[in-house]
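Generate a structure from the sequence data that follows.
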Amino acid sequence: MASRTPAPGAIVDNKYRLAERIGGGGMGHVFRAENVLAGRAVAIKFLHPELSENTELAQRFFQEAQAVNRIRHPNIVDVIDAGVGEMGPYIVMEHLEGEGVGSALQRLGRFDVDASVATCIPVLEALDAAHRVGIIHRDLKPENVFVAFDVSRGQAVVRLLDFGIAKVLDSSGPSPRTRTGVVFGTPDYLSPEQATGDAPIDGRSDLFAVGVLLYELLTGTRPFRAPTAVATAFRVVHAEAPTLAAAGVHVDPRLEAVVAKLLQKDPMKRYATAGEVARELDRFSSDPTKRSTALGRIINLHRRVAHASVSQSQGAPPPPPPATILPEPDRMNTPLREPPPVPAPIRPSVRTSFTDSGASSMPYAPTRVVPSMGSPGRTSDPGPPPRGDYIASPRNVEPLVPPAMPKPLGVARSTASSASSANTSATSSNAGPPSRYVQPRAASRFPGMYQVRGAVLRAVDKALTEDAGPRVREQVVAQLPQRYAEDFLNDSINALVAYDLEALDAYMEIATAISLHEPSRWRALGRLAIGGELHNTVRSVLRPAPDLQIAIRRGISIWSRLFSFGAWKVGASQSGKVVLQIAEFEPASLALRLWVVGMVEETARRAASFDVRVAITAGEVGFTPELTCEIV
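Below is the predicted model:
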């Protein structure tokens, strides 16, 4: 019997109420959920319904839970429960608040030495514990390392994720391949012995991946990167590992030697154990307080601690933590078989170093950034798509502006000042009739969970000023909550910084009520932004394209990085029209959707050098999961 598809609001085994989908991949979906009996926030991973009847895949799916509970280490994301219910096999994990190392690298460009060492040492300690019980991870990469806020200790901690393709060394089976011969792991982080599959692998394969990770943290680049997966694997096996100095990063020669030893082709020439590497790295940042501070800067720890303290002092329950994106291994093309047996009960591992029920603090500086659309955790599952390929901007794409540490902007306040309230009442009397099209704010539905780049805020603000005049703009800003208004008043919005979606929604909602009155006018302002504030952002897309679909593909590489939500895909309809589909777009209001359509329309028109028309075929309603357009 086929499993029921998981959906928000559903109850799993009479214990867990599903909230929103926060990630997923080829094997399944990940949802934020709440234990209705204990009131604890958790993350639940489900196997895809069409795969849940496959015994082999179900056993591999539960392998993660079994591996984590066999290792039992505080630096590994905790698995709380597992089972098979109406929605198929599932695993319940602790819910983490913070930021993945992959998205942090995208934002910062690279880490300093203290932050790099502070990230790698907990990973090595977790791997050392895994290797001691005969388990190797096999898929270590930035997306599987998470910097979390431990509210009980008031500090940043590192968690290793996803043991879904771990190898148990004493299990039967001679190689780390699927039955179809596909090597497990991500090409950039494969060890040479994994890439060739010619030799048995052990914990030293994970240490090679640590070397790649450490190199990338320090330099912002991957040592064996090539245009294709096959070419990358070839370089892993045959190319000499570049030095940190060759990437323009100069560190202590002893640290350079550690990286070089980790990246040796011959496993015998690498370190013998992960613990040995951790002790070596400790020499370069031996002060735990200094390392903890470096990690805290990555997730803006001070603001999170302050927010948690305010919530506790007011006696208010904390808002839901931001979504944790948990990547998953690729789907295996294996024929379906009989339903899997119910697994043995999972014994919860003891966790003394982390409590997942802390307050979520989403600062208006970039502690939560626009993630890569190429991350496995952001894979779309939008149903039957139009013909064409999924387009995702990979994390190694050059950033919109040269990478730099953004400065914290704007300090959140709990209430607006009385002066702001007075301005609101004074201006509202002259603002004209309120629009009947004004919608509830999206961010109030998804508090602190979604962000937009400052470039979008600046573009919306400048386009409104150009269209309606500075007087209207002043009225809009006067009615904004003060924590958002300050950056508009001071013109201090940073294009690179990720801002709370609520700031954009509040601005658009007020502007619609005061001046525009019809949400459809946001489409014109989206077109206007391409010739104004966003011109430099999309300039690389505006060069002539051979055809319209290529122009849209180029655009997606930029557009998708402006938002922390949405999975963008381009294809062709049955009639041959170019189709743009944005799945996972539920946080977007109608005003934002129309602004995005105008932005897409004007970008495509300039790149194609002819009059381009965009027709919305689905999703012309706020807060729906998908937006689909035909472009001709």
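
which secondary element of the chain has the worst mean pLDDT?
Least confident element among the helices and strands of the chain, by mean pLDDT, DSSP states H and E: helix 418-428 (a mean of 39).

Run through the strands of the stretch 501-632 of the chain in chain order.
567-572, 578-583, 614-618, 627-631 (DSSP state E, counting those that start in this stretch).

most tightly surrounded among those?
strand 578-583 (a mean of 25; mean count of other CB atoms under 10 Å). (Glycine included, C-beta is placed from N, CA and C.)

How far does that strand sit from its chain's centre?
The gap between where strand 578-583 is centred and where its chain is centred comes out at 20 Å by CA atoms, centre = their mean, to the nearest Å.

With stretch 52-61 instead?
Taking mean C-alpha positions (CA atoms, centre = their mean), stretch 52-61 and its chain are 27 Å apart.

So for that stretch, mean pLDDT?
Across stretch 52-61, pLDDT averages out at 75.

Also stretch 276-290?
91.

tell me how far the ends of that stretch are from each other?
End-to-end distance for stretch 276-290, by CA to CA, to the nearest Å: 21 Å.

Same question for stretch 30-42.
10 Å.

in that stretch, what's buried?
For stretch 30-42, burial by neighbour count (16 or more other CB atoms under 10 Å) applies to Val30, Phe31, Arg32, Ala33, Glu34, Asn35, Arg40, Ala41, Val42.

could I get these as JSON lines with pLDDT, secondary structure and distance to Phe563?
Below are the buried residues of stretch 30-42 laid out as JSON lines (pLDDT from 0 to 100; DSSP: H, G, I helix; E, B strand; the rest coil; distance: CB to CB, whole Å):
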{"residue": "Val30", "pLDDT": "87", "secondary structure": "strand", "distance to Phe563": "19"}
{"residue": "Phe31", "pLDDT": "90", "secondary structure": "strand", "distance to Phe563": "21"}
{"residue": "Arg32", "pLDDT": "90", "secondary structure": "strand", "distance to Phe563": "19"}
{"residue": "Ala33", "pLDDT": "93", "secondary structure": "strand", "distance to Phe563": "24"}
{"residue": "Glu34", "pLDDT": "92", "secondary structure": "strand", "distance to Phe563": "26"}
{"residue": "Asn35", "pLDDT": "91", "secondary structure": "strand", "distance to Phe563": "31"}
{"residue": "Arg40", "pLDDT": "88", "secondary structure": "coil", "distance to Phe563": "30"}
{"residue": "Ala41", "pLDDT": "91", "secondary structure": "strand", "distance to Phe563": "24"}
{"residue": "Val42", "pLDDT": "93", "secondary structure": "strand", "distance to Phe563": "26"}
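
export the residues you listed to CSV and tack on distance to Asp139?
Below are these laid out as CSV (distance: CB to CB, whole Å):
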residue, distance to Asp139
Val30, 16
Phe31, 22
Arg32, 23
Ala33, 24
Glu34, 29
Asn35, 28
Arg40, 28
Ala41, 26
Val42, 23
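
Ok, which of the strands of the stretch 501-632 of the chain comes nearest Glu533?
Of all these, it is strand 614-618 that lies closest to Glu533, at 20.3 Å by CB to CB.

Kindly calculate the angle that that closest one makes with strand 578-583.
50 degrees (axes from the mean of the first three to the mean of the last three CA atoms, to 10 degrees).

which residues touch strand 614-618?
With CB atoms under 8 Å, 6 or more residues apart in numbering as the test, strand 614-618 has contacts from 579-580, 593, 597, 600-601, 604, 626-632.

Adding distance to His137 and pLDDT, write the residues you listed out as a markdown table.
Shown next, in a markdown table, are the contacts of strand 614-618 (distance: CB to CB, whole Å; pLDDT from 0 to 100):
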| residue | distance to His137 | pLDDT |
| --- | --- | --- |
| Val579 | 39 | 94 |
| Leu580 | 37 | 95 |
| Arg593 | 40 | 95 |
| Val597 | 43 | 95 |
| Val600 | 40 | 94 |
| Glu601 | 45 | 92 |
| Ala604 | 43 | 89 |
| Glu626 | 35 | 92 |
| Leu627 | 37 | 94 |
| Thr628 | 38 | 94 |
| Cys629 | 41 | 94 |
| Glu630 | 44 | 93 |
| Ile631 | 43 | 91 |
| Val632 | 48 | 86 |
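
Could you list the low-pLDDT ranges of the stretch 1-150 of the chain?
Along the stretch 1-150 of the chain, segments meeting pLDDT under 70 span 1-3, 24-27.

Swap in 50 and give it another go.
Within the stretch 1-150 of the chain, the segments meeting pLDDT under 50 span 1.

And the stretch 151-300 of the chain, by the same measure?
Using pLDDT under 50, the flagged stretches of the stretch 151-300 of the chain are 170-184.

Strands of that one, residue ranges please.
Using DSSP E, counting those that start in this stretch, strands in the stretch 151-300 of the chain cover 155-160, 167-168.

so can I have a markdown table of these showing mean neighbour count and distance to Glu256?
Output for these, formatted as a markdown table (neighbours: other CB atoms under 10 Å; distance: least, CB to CB, whole Å):
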| stretch | mean neighbour count | distance to Glu256 |
| --- | --- | --- |
| strand 155-160 | 22 | 23 |
| strand 167-168 | 20 | 30 |
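
can you tell me which of the ones you listed comes nearest to Ile136?
strand 167-168 (4.9 Å).

what about the helices in the stretch 201-350 of the chain?
With helices called from DSSP state H, counting those that start in this stretch, the stretch 201-350 of the chain shows them at 203-219, 229-238, 253-262, 274-282, 288-298, 301-314.

next one: the first one to chain centre, how far?
If I follow you right, that is helix 203-219. 21 Å.

Could you check the angle it makes with helix 274-282?
20 degrees.

Please apply the same query to the fifth one.
Helix 288-298 and helix 274-282 are oriented at 90 degrees to each other (the same axes, to 10 degrees).

For Thr196, which non-adjacent residue is spatially closest?
Distances taken as CB to CB, 6 or more residues apart in numbering put Val237 closest to Thr196, at 6.0 Å, once the chain neighbours are dropped.

Give me the neighbour count for the one you found.
Under the neighbour criterion other CB atoms under 10 Å, Val237 is assigned a count of 17.

Repeat that for Pro519.
Pro519, neighbours per other CB under 10 Å, totals 23.

hang on, Leu525 packs against Val460?
Yes: Leu525 lies in contact with Val460 (CB atoms under 8 Å); the separation is 7.0 Å.

anything in contact with each of those two?
Trp595.

Go through the helix or strand hosting Asp128 and flag the buried ones.
Taking DSSP states H and E as the definition, Asp128 sits inside helix 113-132. By neighbour count, with 16+ other CB under 10 Å as the criterion, the buried positions of helix 113-132 are 113-131.
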